[in-house]
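K.L.:
Here is a sequence together with a model predicted from it:
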Amino acid sequence: MTYFRAKVQQNRLGYLNCYVQLSFDRKYIVGVGKGLDIWSLDSGEHILRTDTDATSLQLCADGNRYLTVGPKTRLQLSSLEEGRNLRRYDICGAVARIYPDGRHVLLRHDGLPLQVWDIETEAVVLTFTSGYYFEMDILSEITPDGCCVVSGGSRTVLRTGGFDHGALIDSGQMEVWNLAQAVERRRLIGHSRAIRSIKVSPDGRMSVSLSDDETVRVWDLKTGQCCRTFDISATSVCFSGDGQLLVCAGKDKCVRVLEIRSGRCLAVEAFLSEVTSVAIHANRVIGADFTGRIIVLNLENVDRAVPFVTLARLWKFGNDSPWRRALRKVVQPVLHGVRLHPRGTWDSEVGTNCVWCGRRFSPATEIVETISGIAKESGHSLQQSPCLDLPGEAWNEPRLIIMCPACHGPLRFNPFVVDNHLACPAQSFGRRNPVG
């Protein structure tokens, strides 16, 4: 029995290997293949088409801005609402991941280690100088607390450090890095062939990976152990908002909903062509098939727990004006190194995006006080990761569950806050500031 119902089925884009995401405000679907396309989620209207060779797309939590980058495409910051590029950086890379505060980016260059960039000052904040130098593709995901990154290679890696320098090996393992110190924290070993996708759960305590060995593995990031294995030859996988389900697209042209705890398949839907990318937000599943068609489905009759959200203070980039853009075109080629972009600021309050309606709001002070109390009781240092180091009971605190003030949907806050407005990025990136 299937629990899916097709909602929108349109927009054959004519490109292969599409990658889709839904914006945080739940207004737009963004797809990248041989170009970038934006649709309205509610009406299905095609809003924008942009030719680009970008291979990586990341949406900012403000619901408007997004980053694109590729091996031959410079890193660009663009606006969904305005439909134009806001900034272009003199750097190319294979993959980019946005830090939860919206200001920092995890970037990988060809033949170089991972680096963290401050996209406001255009400076390198951290460089991962030990561990693996990935010779080909690298996959990475940042935990919701912004303190750790889970990374893995896709094909081969160049060993360094304590390993045989210069030896090329198949990349069937992943690493968990501490962002505050740029050091490896633990290694996740289990896959026998190249890893093709990595995702981190909304509470930051688990990760899922799919590999060429035709398995999908779920990992406990605190212990480094594999807690569930699904024998599926998959092309894409993602967590549900409560972190208890997986939506998995298989090479057999089927999309499945899998329950992590029991290992059961709760729902399955077959398609005419291979689905290359899936994303899930609230009760909607967005997929892109091999022909470039975007499909939006409703997930029904599947019991789920309250979805997780994270409190964070976002960086607001300055608004660019037409006269400033015109001046920049004339002056910047002559005065190298002179920054003419408008200066941004931090949000005045910490907030979160509702999983159900997409609205961003700041919760009552009781929520912040509860999180502050958990942080004090744990006694962790700023260099530790709440996702990996807090006791499991912290996520079961009933006072962290509220109803969205706009749509009244239930939400569960993670027991930590991402707030870097008082930190010096060059010295304290990835460290938690005291709450309250």
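P.N.:
Done, it's in. Numbers count the residues shown, from 1 in each chain.
K.L.:
Please make it C-alpha for all contacts and neighbour counts, starting now.
P.N.:
Will do.
K.L.:
Would you mind confirming that Arg359 is in contact with Pro405?
P.N.:
No - Arg359 lies out of contact with Pro405 (CA atoms under 8 Å); the separation is 9.2 Å.
K.L.:
Pick out whichever of the two has more residues nearby.
P.N.:
Neighbour tally, Arg359 and Pro405, criterion other CA atoms under 10 Å: the higher count belongs to Arg359, 18 against 14.
K.L.:
Now do the same contact list for Glu214.
P.N.:
Asp231, Ile232, Ser233, Ala234 (CA atoms under 8 Å, 6 or more residues apart in numbering).
K.L.:
Quick check: the gap between the closest residue to the third one other than its chain neighbours and Val208.
P.N.:
To tie it back to what came earlier, the one meant is Ser233. Using CA to CA, 6 or more residues apart in numbering and skipping the chain neighbours, the partner closest in space to Ser233 is Glu214 (4.1 Å). Look at Glu214 and Val208: by CA to CA, to the nearest Å, they are 13 Å apart.
K.L.:
Please name every helix or strand in contact with the longest helix along the chain.
P.N.:
Longest helix in the chain by number of residues (criterion: DSSP state H): helix 365-378. Counting contacts by 3 or more CA pairs under 8 Å, 6 or more residues apart in numbering; DSSP states H and E, helix 365-378 packs against strand 410-418.
K.L.:
Now do the strand it packs on: everything it contacts.
P.N.:
Contacts for strand 410-418 (CA under 8 Å, 6+ apart): 100-101, 145-146, 203, 306-313, 354-355, 371-372, 374-375, 386, 394-395, 400-404, 432-433, 435.
K.L.:
just checking, which of those residues belong to strands?
P.N.:
Among these, the members found in strands (DSSP state E) are Phe308, Val309, Thr310, Leu311, Ala312, Ile401, Ile402, Met403.
K.L.:
Of these, select the buried ones using a PyMOL command.
P.N.:
To isolate the buried members of those in PyMOL, using 16 or more other CA atoms under 10 Å:
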select buried, resi 308+309+310+311+312+401+402
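K.L.:
List the buried residues in the longest helix of the chain.
P.N.:
Ile367, Val368, Thr370, Ile371, Ser372, Ile374, Ala375.
K.L.:
Look up how far Asp289 lies from the residue nearest to Ser233.
P.N.:
Remark: distance between Glu214 and Asp289 (CA to CA) = 19 Å.
K.L.:
Look at Leu266 and give its secondary structure.
P.N.:
Following DSSP: H, G, I helix; E, B strand; the rest coil, we place Leu266 in the strand state.
K.L.:
and what of Ala180?
P.N.:
coil.
K.L.:
quick one: it and Asp145 touch, right?
P.N.:
No - here Ala180 does not reach Asp145: they are 11.7 Å apart, not a contact under CA under 8 Å.
K.L.:
and these two? which has more neighbours close in?
P.N.:
Higher neighbour count among Ala180 and Asp145: Asp145, with 29 against 20, using other CA under 10 Å.
K.L.:
sorry, back to before: ok, of the buried residues of helix 365-378, which one's closest to Gln173?
P.N.:
Ala375 (31.9 Å; CA to CA).
K.L.:
count of residues packed around the spatially closest residue to the closest one that is not a sequence neighbour?
P.N.:
Of all residues not flanking Ala375 in the chain, Phe416 sits nearest, at 7.3 Å (CA to CA, 6+ apart). The local packing of Phe416 (other CA under 10 Å) involves 27 other residues.
K.L.:
and the closest residue to Val268 other than its chain neighbours, bridged to which residues?
P.N.:
Counting by CA to CA, 6+ apart, Arg256 is the residue found nearest to Val268 once chain neighbours are left out, at 4.4 Å. Beta-bridge pairing of Arg256 under DSSP bridges involves Cys248, Val268.
K.L.:
I'd like the distance between Arg256 and Cys248.
P.N.:
In terms of CA to CA, Arg256 sits 5 Å off from Cys248.
K.L.:
cool, Leu86 as well?
P.N.:
Taking CA to CA, one finds Leu86 at 34 Å from Cys248.
K.L.:
Looking at those two, which one has more neighbours?
P.N.:
Using other CA under 10 Å as the criterion, Leu86 and Cys248 rank with Cys248 on top: 26 against 18.
K.L.:
Break this protein into its domains for me.
P.N.:
Listed by automatic domain parsing, the domain ranges of the chain are 4-301, 309-313+349-428.
K.L.:
quick one: which of the ones you listed has the weakest pLDDT on average?
P.N.:
Note on those: domain 4-301 shows the lowest mean pLDDT, a mean of 78.
K.L.:
Now distance to Leu139 too, for the ones in strands among the contacts of strand 410-418, in a markdown table please.
P.N.:
What follows is those, written out as a markdown table (distance: CA to CA, whole Å):
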| residue | distance to Leu139 |
| --- | --- |
| Phe308 | 23 |
| Val309 | 23 |
| Thr310 | 23 |
| Leu311 | 25 |
| Ala312 | 24 |
| Ile401 | 32 |
| Ile402 | 34 |
| Met403 | 35 |
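K.L.:
Most widely separated two among the ones in strands among the contacts of strand 410-418?
P.N.:
Ala312 and Met403 (17.9 Å).
K.L.:
if we can go back for a sec, burial count for the residue nearest to Val268?
P.N.:
21.
K.L.:
so what's it up against?
P.N.:
By CA under 8 Å, 6+ apart, the residues touching Arg256 are Leu246, Val247, Cys248, Ala249, Gly250, Cys265, Leu266, Ala267, Val268, Glu269.
K.L.:
What ranges does the protein have for its helices?
P.N.:
322-331, 365-378, 386-389, 425-428.
K.L.:
Alpha carbons only: can I get the third one in CSV?
P.N.:
Right, helix 386-389. What follows is helix 386-389, C-alpha atoms only, in CSV (Å, rounded to 0.1, in the frame of the first residue of the first chain):
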residue,chain,number,x,y,z
PRO,A,386,26.0,19.9,22.2
CYS,A,387,24.8,17.4,19.5
LEU,A,388,27.6,14.9,20.5
ASP,A,389,28.2,15.7,24.2
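K.L.:
hang on, the earlier thing: of the contacts of Arg256, which is the most crowded?
P.N.:
Ala249 leads the contacts of Arg256 on contacts (other CA under 10 Å) with 30 neighbours.
K.L.:
Which residue, neighbours along the chain excluded, lies closest to it?
P.N.:
Val255 (4.4 Å).
K.L.:
Burial check on the residue nearest to Asp101 when sequence neighbours are not counted, number of neighbours?
P.N.:
Distances taken as CA to CA, 6+ apart put Leu314 closest to Asp101, at 4.6 Å, once the chain neighbours are dropped. Counted with other CA under 10 Å, residues neighbouring Leu314 total 26.
K.L.:
From Thr352, how far out is Leu314?
P.N.:
For Leu314 relative to Thr352 (CA to CA), the value is 9 Å.
K.L.:
again with Leu210
P.N.:
Leu210 sits 29 Å away from Thr352, going by CA to CA.
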